[in-house]
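*Asks:* with the sequence up front, the predicted model follows.
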Amino acid sequence: MALLTRIRGPRDLDRLTPAQLAELAEEIRGFLVDAVSRTGGHLGPNLGVVELTIALHRVFDSPRDRILFDTGHQSYVHKLLTGRQDFSRLRAKGGLSGYPSRAESEHDVIENSHASTVLGYADGLAKANQLAGHRDRPVVAVIGDGALTGGMAWEALNNIADAEDRPVVIVVNDNERSYSPTIGGLANHLATLRTTRGYERFLSWGKDALQRTPVVGQPIFETLHGAKKGLKDFIAPQGMFEDLGLKYIGPIDGHDIGALESALKRARNFGGPVIVHCLTQKGRGYRPAEQHDEDRFHAVNVIHPDTGLPVKTAGKDWTSVFGEEMVALGRERRDVVAITAAMLHPVGLAPFAREFPERVYDVGIAEQHAAVSAAGLATGGLHPVVAVYATFLNRAFDQVLMDVALHRLGVTFVLDRAGVTGTDGASHNGMWDMSILQVVPGLRLAAPRDADQLRAQLREAVDVDDAPTVVRYSKGTVGAPVPSLGRIGGMDVLRGSAEPVADAAGAAFGGDAPRARRADVLLVSVGAMAATCLETADLLAAQGITATVVDPRWVKPVDPALPALAAEHRVVVTVEDNGRAGGVGSAVAQALRDADVDVPLRDFGIPQEFLDHASRDQILAEIGLNAPDIARQVTALVARLDAEPVDA
């Protein structure tokens, strides 16, 4: 690491010879394999951008020139070249973020880790530079070919191309993959453009297709043909070109530092919007990653650096349980189809795709389109299951509301990585879904507590054909089954009795006599918080406080039996792995008010804050969402009630 340890900032690269730059690239790859294998993280994407990142920092003057990354998971090399070489606690509490972080460095301009946003930032920054008179400061946006499948990227391109005098350099990092191989019309066109002869074949195809188009075909082709400078104007999606005024340079070998520097200098000096198309290899230089067809080690846990094999094997996770049950459902019901947004393997749909390839649709990084396409599939008589990370459903809220719920369509959304996910930081915690979905009329939301409930509730969800349904679950290992002692309404009783409680004076509920109590506290456990609630109940019992623990299973709508059950307790406590604002606790409180049940309620959940990266357990402890903290606060509340004077 003789060269790498001498790099404290981008300008230290200026004095290196071409031979030393090549040596530095190999040192960086060795560093990444060694460091990330110890901590876990995004290995494959960063191995693929080593030379590209070196060239970027040699040509552009960061932070004066703004270099932006989409989605940010390929910024490890950027961190190394900007003075951050302690990767010992990467993505851990107190260590480096796995994404750009403005708290870490002035070289990190944005912290986006949701895809397809960088071109919008670049457009705005270029406009700001123009208004400030900084016409010699290009904005550089590095975007993967996978992120170009997102609609926001195309909306931004439409605006970037509108101003020929605003310098924006769009670096397309084309490795044919997002998580897995990039799909769709754009991916096919980029692949075609990888050689000059490929470009000629594409141009010929475009001529034939456009000349078959009535009236407008020939004029469009003539515009295209006149711009024939090696796709000098633009790469258009779905086989159609429009002259957007964007200059094109490429394709460039993304592992040739000299060629990259030459292309980037030309783009920098042009003074307007330019696309630099770079061909890179995800996982380059690390044989286990290069030979990993699934995702080229997009993201890894702790692995052995020599073999790439996991150091330890975890238990069955939520994702694999969902994947297995989807296959079982597919065998039983021909109407069940699956949709993913460029995450076939991460969300567990790969087994379903292998058995039913004609019933899986990967729409690219386009969650909004996924939801509307699902609405179309449901309108056509099928039952689509849309599987995404919980944090990414935020992007499709309007479509869930207006295109699925408004039409009362049977579409099931499966939300992986719900709640606190931890190491990927603020943007990846799935802490908003149960809040934003509360306002959707007719939508039903399930939060399974264990593997058995995930299987059962997924089946219940796909049986609904007149409303959207949602099944959400956590990240990581499922854990042991949590048995039910019985049911009250649709709620599972996990502790306490499910039998009816007789009135203390023989009067019916609602009469003049006091209602008999099941226990002091009703703990309403949401999803994976079941074990925490049962532990809380044990801690309360040690203080002489009795508790009933119930799992509503379906948290939206609130179970009609819950208000009456709440009336049989002195205190109601809700515990959810979701933001407190507008979450399940709020919905339960409203249901109690509507039923005139005047019982104190405490809602425990995630504070409305952006949480720093750390392990899930560390974050839960920090925010007080663990059994000791919950029990301590509930004990204090019960003590205050005990101290209150009794009305005569």
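*Replies:* Okay, I see it.

*Asks:* who does the lengthiest helix in the chain touch, helix- and strand-wise?
*Replies:* The helix spanning the most residues in the chain, taking DSSP state H as the definition, is helix 18-39. Applying 3 or more C-beta pairs under 8 Å, 6 or more residues apart in numbering; DSSP states H and E, one finds that helix 18-39 contacts helix 44-47, helix 50-59, helix 76-81, helix 257-270. Just so you know, the C-beta spots here come from the backbone N, C-alpha and C atoms, and that holds for glycine as well.

*Asks:* nearest to V140, out of these?
*Replies:* V140 sits nearest to helix 50-59 of all these, at 6.6 Å, using C-beta to C-beta.

*Asks:* give me the angle between the closest one and helix 18-39.
*Replies:* With axes from the mean of the first three to the mean of the last three C-alpha atoms, to 10 degrees as the basis, helix 50-59 and helix 18-39 are set at 120 degrees to each other.

*Asks:* how much space between the residue lying closest to D14 once chain neighbours are set aside and A636?
*Replies:* Once flanking residues are discounted, D14 sits nearest to R58: 6.7 Å by C-beta to C-beta, 6 or more residues apart in numbering. Note on R58: its distance to A636, by C-beta to C-beta, to the nearest Å, is 60 Å.

*Asks:* surely V414 is in a strand?
*Replies:* Yes - counting by DSSP: H, G, I helix; E, B strand; the rest coil, V414 falls inside a strand.

*Asks:* ok, it touching L454?
*Replies:* No - proximity of V414 to L454 does not meet the contact threshold set by C-beta atoms under 8 Å, at 9.4 Å.

*Asks:* common neighbours of the two, please.
*Replies:* Common contacts of V414 and L454 (C-beta atoms under 8 Å, 6 or more residues apart in numbering): 322, 471.

*Asks:* circling back to that earlier point, list the contacts of the longest helix of the chain.
*Replies:* With C-beta under 8 Å, 6+ apart, helix 18-39 has contacts from 1-4, 7, 13, 16, 42-43, 46-47, 50-51, 54, 58, 76-77, 80, 85, 87-92, 95, 257-258, 284-286, 300, 302-305.

*Asks:* one more pass at 6 Å, please.
*Replies:* The contact list for helix 18-39 (C-beta atoms under 6 Å, 6 or more residues apart in numbering) reads 1, 3-4, 43, 46-47, 50-51, 77, 87, 90, 257, 285-286, 303, 305.

*Asks:* give me the angle between it and helix 257-270.
*Replies:* Going by the same axes, to 10 degrees, helix 18-39 makes 100 degrees with helix 257-270.

*Asks:* send the alpha carbons of helix 18-39 over as CSV?
*Replies:* C-alpha atoms of helix 18-39 as CSV (Å, rounded to 0.1, in the frame of the first residue of the first chain):
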residue,chain,number,x,y,z
PRO,A,18,0.9,6.5,-15.6
ALA,A,19,2.7,3.4,-14.2
GLN,A,20,2.1,4.6,-10.7
LEU,A,21,-1.5,5.2,-11.3
ALA,A,22,-1.9,1.6,-12.5
GLU,A,23,-0.1,0.4,-9.4
LEU,A,24,-2.3,2.5,-7.2
ALA,A,25,-5.4,1.0,-8.8
GLU,A,26,-4.2,-2.5,-7.9
GLU,A,27,-3.4,-1.4,-4.4
ILE,A,28,-6.9,0.0,-4.0
ARG,A,29,-8.5,-3.2,-5.2
GLY,A,30,-6.4,-5.2,-2.7
PHE,A,31,-7.4,-2.7,0.1
LEU,A,32,-11.1,-3.0,-0.8
VAL,A,33,-11.1,-6.8,-0.8
ASP,A,34,-9.2,-7.0,2.5
ALA,A,35,-11.2,-4.3,4.3
VAL,A,36,-14.7,-5.1,3.1
SER,A,37,-14.3,-8.8,3.6
ARG,A,38,-13.8,-7.9,7.3
THR,A,39,-16.8,-5.6,7.7
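
*Asks:* show me which residues of it are buried.
*Replies:* 21-22, 24-25, 27-29, 31-33, 35-39 (16 or more other C-beta atoms under 10 Å).

*Asks:* more neighbours: V414 and L454, which one.
*Replies:* V414 (30 against 24; other C-beta atoms under 10 Å).

*Asks:* my guess is that one contacts A387, does it?
*Replies:* Yes - V414 is within contact range of A387, at 4.4 Å (criterion: C-beta atoms under 6 Å).

*Asks:* for D136, give me its contacts.
*Replies:* Contacts of D136 by C-beta under 6 Å, 6+ apart: none found.

*Asks:* please redo it, this time with the cut-off set to 8 Å
*Replies:* With C-beta under 8 Å, 6+ apart, D136 has these contacts: P167.

*Asks:* distance check, it against Q130.
*Replies:* Counting by C-beta to C-beta - D136 and Q130 are separated by 11 Å.

*Asks:* what do you get for V414?
*Replies:* Looking at V414 against Q130, where the rule is C-beta to C-beta, the gap reads 44 Å.

*Asks:* ok, which stretches of the stretch 201-350 of the chain are helices?
*Replies:* Secondary structure of the stretch 201-350 of the chain (DSSP state H, counting those that start in this stretch): helices at 217-226, 257-270, 287-290, 318-332, 350-355.

*Asks:* what pLDDT does the nearest residue to R166 once chain neighbours are set aside get?
*Replies:* Among residues not flanking R166 along the chain, A126 sits closest, at 4.2 Å (C-beta to C-beta, 6+ apart). pLDDT for A126: 96.

*Asks:* hmm, who's touching the helix or strand A126 falls within?
*Replies:* A126 belongs to helix 118-131 when assigned by DSSP states H and E. Helix 118-131 is contacted by residues 66, 68-71, 109-110, 112, 135, 137, 139-143, 147, 152-153, 155-157, 159-160, 163, 165-168, 170 when judged by C-beta under 8 Å, 6+ apart.

*Asks:* can you check what angle separates the helix or strand that that helix is followed by from helix 257-270?
*Replies:* Following helix 118-131 in sequence order, the next helix or strand is strand 139-144 (DSSP H and E). Interaxial angle, strand 139-144 versus helix 257-270 (the same axes, to 10 degrees): 130 degrees.

*Asks:* could you dump strand 139-144 to PDB, C-alpha only?
*Replies:* Below are the C-alpha coordinates for strand 139-144, written out as PDB (Å, rounded to 0.1, in the frame of the first residue of the first chain):
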ATOM      1  CA  VAL A 139     -21.000  19.500 -12.100                       C
ATOM      2  CA  VAL A 140     -20.100  15.800 -12.500                       C
ATOM      3  CA  ALA A 141     -22.800  13.200 -12.100                       C
ATOM      4  CA  VAL A 142     -21.700   9.600 -12.000                       C
ATOM      5  CA  ILE A 143     -24.700   7.300 -12.700                       C
ATOM      6  CA  GLY A 144     -24.900   3.600 -13.300                       C
END
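
*Asks:* now do it: which elements does it pack against?
*Replies:* helix 50-59, strand 66-70, helix 118-131, strand 168-174.

*Asks:* quick one: the next helix-or-strand element following it to strand 139-144, angle?
*Replies:* Per DSSP H and E, the first helix or strand lying C-terminal to strand 139-144 is helix 151-160. Counting by the same axes, to 10 degrees, helix 151-160 lies at 150 degrees to strand 139-144.

*Asks:* list the buried residues for helix 151-160?
*Replies:* Buried residues in helix 151-160 (16+ other C-beta under 10 Å): 151-153, 156-157, 159-160.

*Asks:* list the helices and strands that helix packs on?
*Replies:* helix 118-131, strand 168-174.

*Asks:* out of those, nearest to L485?
*Replies:* helix 118-131 (51.6 Å).
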